[in-house]
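# what's the 3D shape of this:
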Amino acid sequence: MACIVARGIPFLGDARYPQSFMEVREARRDVVDTRVLQDPPLLLLITELSIVAISSTGVAWATQRLALDGIDVSMTPRDGWLVCSPQREPGAVLLVNLRDGQVVLPV
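As a prediction, this is how the structure comes out:
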């Protein structure tokens, strides 16, 4: 499985069969960054408003909309959680579970 991002649009497919590539619609043609994780083994497609996780078999999960005007995503996950913050809400924090994409507000 290979993932190619061109002009913000991600495509998944088998590099041996170029015709197999299909657009990852969950990313809404808006990928601005990517992150590779080792545990769990995921490729994160980060958009202005959400995150899509790609596993070895395809799309593993996609978050809901995380912010109104953009998100900042931490470089390093903590204990299976990815820390995000809405750009227009200083100090606000969201946690994304890397196993299933569920979003929680820390207490």
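
# which residues touch residue 100?
residue 61 (C-beta atoms under 8 Å, 6 or more residues apart in numbering). To be clear about C-beta, it is placed using only N, CA and C from the backbone, and glycine gets the same treatment.

# secondary structure class for it?
coil (DSSP: H, G, I helix; E, B strand; the rest coil).

# Which parts of the protein are strands?
2-6, 9-13, 22-23, 31-37, 42-47, 51-55, 58-62, 71-73, 81-86, 94-97, 103-104 (DSSP state E).

# Could you dump those strands into a markdown table with mean neighbour count and mean pLDDT added?
Formatted as a markdown table, these follow (neighbours: other C-beta atoms under 10 Å; pLDDT from 0 to 100):
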| stretch | mean neighbour count | mean pLDDT |
| --- | --- | --- |
| strand 2-6 | 12 | 96 |
| strand 9-13 | 18 | 97 |
| strand 22-23 | 12 | 97 |
| strand 31-37 | 15 | 96 |
| strand 42-47 | 22 | 97 |
| strand 51-55 | 22 | 97 |
| strand 58-62 | 16 | 97 |
| strand 71-73 | 18 | 94 |
| strand 81-86 | 19 | 94 |
| strand 94-97 | 20 | 96 |
| strand 103-104 | 14 | 95 |
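
# Fine by me, we can end here.
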